[in-house]
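**Q** Requesting a structural model of the entry that follows:
(one chain, ligands or ions: 1)
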Amino acid sequence: MKTIDLRSDTVTRPTPAMREAMVKAEVGDDVYFEDPTVNRLQAVAAELLGKQAALFVPSGTMANQAAIAVHTRPGDVVLAGRNAHVLLYEGGAASALSGVQIKTIGCGGLFHADEVRAAVHPDEQHHAPTTLLSVENTHNVSGGVVFPLEQIRAAAEAAREHGLALHLDGARLFNAVVATGVSARDWAEPFDTIAFCLSKGLGAPVGSLVCGDEATIKRVHRMRKRLGGGMRQVGMLAAAGLHALEHHVARLADDHANATRLAAGLRELGFRVEPEPQTNMVFFHVDDEMAFLRATRERDLRIDPIRAHTFRAVTHLDVSAEDVEDALERIGQVV
Ligand code: TLP
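**A** Presented below is the predicted three-dimensional model:
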């Protein structure tokens, strides 16, 4: 039986065409700025997002944390949506490495401008300075929901009124692009820095980019070195990223259609699916998590719980429409 892995879109393996691009990549020592493929990827990413510069980093976590480090000083407060990845899933890096406190606002990962205004501490000695607003789009733990653009713009305006810097955790930015038709450039416009991942739905084996203006990216570059993320002949990985940006963006629509189909099928089987999938994630309620986990694993179906009684199924490059039907059949045997 074929294993169907819906745990995350991080599990994708490079396609034969991507592997070929990787093998053929021209390389050099990137710490000396001499890797032509990395340089090309960074130029393409900066152009796509409408920013002056971009930096290739090993992971989404390093992208976010290097950006947080350059926008803040120890003791500062960073505002972020509830259950933000930067708070929950990055090993405590924001407090351990940057010494900042993350204060969550809003509901379901989203928030409004007035919630930003209300959360900023007064500029007074008792309070820690609030210096950064971090937005996650699409929002992972809320079910891959898209943060509406107008709401981002209003929140960004509120943040600017108080002198906050703005960071976008756009690990799955291109899912938002494909789901809405809004360009990456438009999504990126309100932000000083944007992190996006090549290694999720885009299907590259590794890598993320941080985009922003020249001066900020120069500081992120120094931070990458400090974090041990200075890499050498990584053109082979950058080639995978270039291939992903060229060939794997439009096809994210297939993942979204597969998620919609999976949600419908789960409902037919009696599961409560919430929220309605907007991108490539399906969250559904299960009473007995352990029994469901065991029974699905026995059928070579991998889906993990994301919190009590809630499973997250993520569609991606290595899951076809047939696999979704197959997965539903296996789940049907379980219930
Ligand atoms: N998310 C992973 C796990 O860490 C939970 C996943 O399977 O979804 N921002 C967001 C919104 C993310 O979802 C992730 C990864 C990251 C940042 C971090 O990326 P990596 O794993 O490359 O450090």
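**Q** From here on, just use CA atoms for contacts and neighbour counts.
**A** Will do.
**Q** three-state assignment of residue 147?
**A** Look at residue 147: counting by DSSP: H, G, I helix; E, B strand; the rest coil, its state is coil.
**Q** backbone phi and psi for it, please?
**A** phi -80, psi 120 (degrees, to the nearest 10).
**Q** how much space between it and residue 4?
**A** 29 Å (CA to CA, to the nearest Å).
**Q** May I have the predicted confidence score for the closest residue to residue 200 other than its chain neighbours?
**A** Leaving aside its chain neighbours, residue 200 sits nearest to residue 10 (4.5 Å; criterion: CA to CA, 6 or more residues apart in numbering). If you check residue 10, the pLDDT there is 98.
**Q** contacting residues for residue 10?
**A** 199, 200, 201, 203 (CA atoms under 8 Å, 6 or more residues apart in numbering).
**Q** which parts of the stretch 151-300 of the chain sit against the ligand?
**A** Residues of the stretch 151-300 of the chain found near the ligand (CA under 6 Å from any ligand atom) are 169, 171.
**Q** Where does the prediction get shaky in the stretch 151-300 of the chain?
**A** Along the stretch 151-300 of the chain, no part satisfies pLDDT under 70.
**Q** mind pulling up the phi and psi values for the residue of it found nearest the ligand?
**A** Proximity to the ligand, evaluated over the stretch 151-300 of the chain using CA to the nearest ligand atom, is greatest for residue 171 at 4.7 Å. Here is the backbone geometry of residue 171 (degrees, to the nearest 10): phi -50, psi -40.
**Q** do residue 103 as well
**A** Dihedral angles (degrees, to the nearest 10) for residue 103: phi -110, psi 120.
**Q** For the residue nearest to it when sequence neighbours are not counted, what is the enclosing helix or strand?
**A** Setting aside the residues directly before and after it, residue 103 is nearest to residue 79 in space (CA to CA, 6+ apart), at 5.0 Å. Per DSSP states H and E, residue 79 falls inside strand 77-81.
**Q** What lies in contact with that strand?
**A** 100-111, 116, 119, 128-136.
**Q** hmm, try it at 6 Å
**A** Applying CA atoms under 6 Å, 6 or more residues apart in numbering, the external contacts of strand 77-81 come out as 100, 101, 102, 103, 104, 105, 109, 110, 130, 132, 133, 134.
**Q** And these, which is the shakiest by pLDDT?
**A** Of all the contacts of strand 77-81, residue 109 has the smallest pLDDT value, namely 94.
**Q** send the alpha carbons of the lengthiest helix in the chain over as CSV?
**A** Criterion DSSP state H: the longest helix present in the chain is helix 252-268. Extracted C-alpha coordinates of helix 252-268, given in CSV (Å, rounded to 0.1, in the frame of the first residue of the first chain):
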residue,chain,number,x,y,z
LEU,A,252,-0.5,25.1,-5.5
ALA,A,253,-4.1,25.5,-6.8
ASP,A,254,-4.2,21.7,-7.1
ASP,A,255,-3.3,21.3,-3.5
HIS,A,256,-6.1,23.8,-2.6
ALA,A,257,-8.6,21.8,-4.7
ASN,A,258,-7.4,18.6,-3.1
ALA,A,259,-7.9,20.1,0.4
THR,A,260,-11.4,21.2,-0.5
ARG,A,261,-12.2,17.7,-1.8
LEU,A,262,-10.7,16.1,1.3
ALA,A,263,-12.8,18.4,3.6
ALA,A,264,-16.0,17.4,1.7
GLY,A,265,-15.1,13.7,1.9
LEU,A,266,-14.4,14.0,5.6
ARG,A,267,-17.8,15.7,6.2
GLU,A,268,-19.5,12.9,4.3
